[in-house]
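**Q** fold the stuff below for me.
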Amino acid sequence: MDTCTVIKHFFRKRSIRYGILVCFAFFIVLKCTSIGNTTVLYRPISESNIHMFGYKDDEHLSYNIKDISDARSGVKGNTLSDTMNEVLNLARNISSYNRTVLVSIINNAYLPFAYSWLCNTKAMGVHKSVLVITTDNESKIKLNRDWPEVSVFNLKLDMPHGDQICGRVGYLTIMVRRTEIILSLLQANIDLFLFEFDCVWFSNPTPGFQKRSGVDMLVNLAYKSAEGNIFSGGFLYLFATNRTKALWTKLTKMMWKLEREIKDKPDKKAVSNRQDDRTFLSKLINKRYANITIQLLNRDVYVNGRWYKMTNAKRQKLHPIIIMNNWILGNKNKINRAKQWNHWFLRPDNTTCDLEMVLPASYKTKAESHNSCVSTVCHLTKLRIHCQAQHILIPTVWKKFQGRS
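**A** You can find the predicted model right below:
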């Protein structure tokens, strides 16, 4: 046998051996990388922005929800996928209108606050930017019927009902779900303005917020403590940057841990004030987690509920755009205080707007307003001046009265 024949015979056998080895190695790789019935070689990109409610894996954050069930609610992963697709679609439609989505979550007991705020802001052109997340379907039906411009999403999970007090188990359970939804929207690159309905607006701050580029968050300082600044969790503007997403992912994990600790406790059970979304958020911001950058909002313009307890002299020095009706416990107490200050915009049926109250919203109590302006003419004249100063549209009721005088 000549040299050429020997060489050909050797390489022919070697090629067969190599082919067998390659096939065997490929089989091992496929076997080792399989996950259930799905291999890592196929993971649809379209699911990368879908975040699963209540997924409690502290080691990594996964957005693939197939075949995963939520043990707490008993809802299958596919249902959760449909839920998140629905809320994401709503949010994307809203963001196409004016980029920012204004997000607030309510249960049935908080519905009157939503109605009052919607009456308050009726002439501000903001309703198309609002996404209301309800924990019950009845609230969704009512809002869709009475406020068709507002987008409403019903969170179809087992959630606490009735008056939920800040710092109690029921309230924190709702905040866990809110935190998860916010993470999903941020992952979809949607800028968010988180707010709550227990407040009065004198003008729409959103256009001003949108211009403050170059930072990750606009935050409102609630108060200072020995452990650092405490920021409001219910008044927060989030730009969907990578740093914001990283911080909110960490916050979501902290809220999941809290949920595990309180899941067997009654809704009315008080929880330590060091264990809530606001405290967790403040710690992460103070630590500059993920190199987060923030800008503080002016507390004289966006004021918290302490404003109601200020002296008249101090209040007169401030001209806030928004007054938050916080720093008081209980929905009934909040409503009574709002009514005392002409900051409640509903008639007794809790559905119909009180048009006589929508624009007289001011910085004075009912008694002070009456004493400083006895006649109707005087009252409406001052109202008109106030409205023009705040760039608020003057309603038909003023024009009708003006025609009579």
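**Q** can you show me the strands along this protein?
**A** 34-35, 38-39, 69-70, 75-76, 101-106, 130-134, 151-154, 192-194, 199-201, 217-225, 228-238, 294-296, 302-303, 322-324 (DSSP state E).
**Q** in CSV, list these along with mean pLDDT and distance to W248.
**A** C-betas here are computed from N, CA, C, even on glycine. Shown next, in CSV, are the strands of the chain (pLDDT from 0 to 100; distance: least, CB to CB, whole Å):
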stretch, mean pLDDT, distance to W248
strand 34-35, 36, 27
strand 38-39, 26, 28
strand 69-70, 35, 20
strand 75-76, 37, 23
strand 101-106, 95, 13
strand 130-134, 96, 16
strand 151-154, 94, 19
strand 192-194, 98, 10
strand 199-201, 97, 23
strand 217-225, 94, 10
strand 228-238, 94, 7
strand 294-296, 97, 13
strand 302-303, 96, 21
strand 322-324, 97, 22
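**Q** relative to A338, which of these is closest?
**A** Closest to A338 of the strands of the chain, according to CB to CB: strand 199-201, at 7.4 Å.
**Q** what lies in contact with that closest one?
**A** Strand 199-201 is contacted from outside by 117, 120-121, 124, 321-325, 338, 343, 361, using CB atoms under 8 Å, 6 or more residues apart in numbering.
**Q** in the stretch 301-405 of the chain, where is pLDDT below threshold?
**A** The stretch 301-405 of the chain contains residues with pLDDT under 70 at 359-405.
**Q** tell me which stretches of the stretch 101-250 of the chain form helices.
**A** 111-120, 137-146, 169-187, 206-210, 242-262 (DSSP state H, counting those that start in this stretch).
**Q** if you average pLDDT over each of these, which is lowest?
**A** The weakest mean pLDDT among the helices of the stretch 101-250 of the chain belongs to helix 169-187, with a mean of 86.
**Q** check which helices and strands it sits against.
**A** Counting by 3 or more CB pairs under 8 Å, 6 or more residues apart in numbering; DSSP states H and E, the packing neighbours recorded for helix 169-187 are helix 77-98, strand 101-106, strand 192-194, strand 228-238, helix 242-262, helix 277-286.
**Q** mind exporting that helix as PDB, just the C-alpha atoms?
**A** Only the C-alpha atoms of helix 169-187 are listed here, as PDB (Å, rounded to 0.1, in the frame of the first residue of the first chain):
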ATOM      1  CA  VAL A 169     -50.900  45.000  56.300                       C
ATOM      2  CA  GLY A 170     -53.800  45.600  53.800                       C
ATOM      3  CA  TYR A 171     -52.300  48.900  52.600                       C
ATOM      4  CA  LEU A 172     -48.800  47.400  52.200                       C
ATOM      5  CA  THR A 173     -50.300  44.500  50.200                       C
ATOM      6  CA  ILE A 174     -51.700  46.900  47.700                       C
ATOM      7  CA  MET A 175     -48.300  48.700  47.600                       C
ATOM      8  CA  VAL A 176     -46.600  45.500  46.700                       C
ATOM      9  CA  ARG A 177     -48.800  45.100  43.700                       C
ATOM     10  CA  ARG A 178     -48.300  48.700  42.700                       C
ATOM     11  CA  THR A 179     -44.500  48.300  42.900                       C
ATOM     12  CA  GLU A 180     -44.600  45.300  40.600                       C
ATOM     13  CA  ILE A 181     -46.700  47.100  38.000                       C
ATOM     14  CA  ILE A 182     -44.400  50.100  38.000                       C
ATOM     15  CA  LEU A 183     -41.400  47.900  37.400                       C
ATOM     16  CA  SER A 184     -43.200  46.300  34.400                       C
ATOM     17  CA  LEU A 185     -44.000  49.700  32.900                       C
ATOM     18  CA  LEU A 186     -40.400  51.000  33.500                       C
ATOM     19  CA  GLN A 187     -39.100  47.900  31.700                       C
END
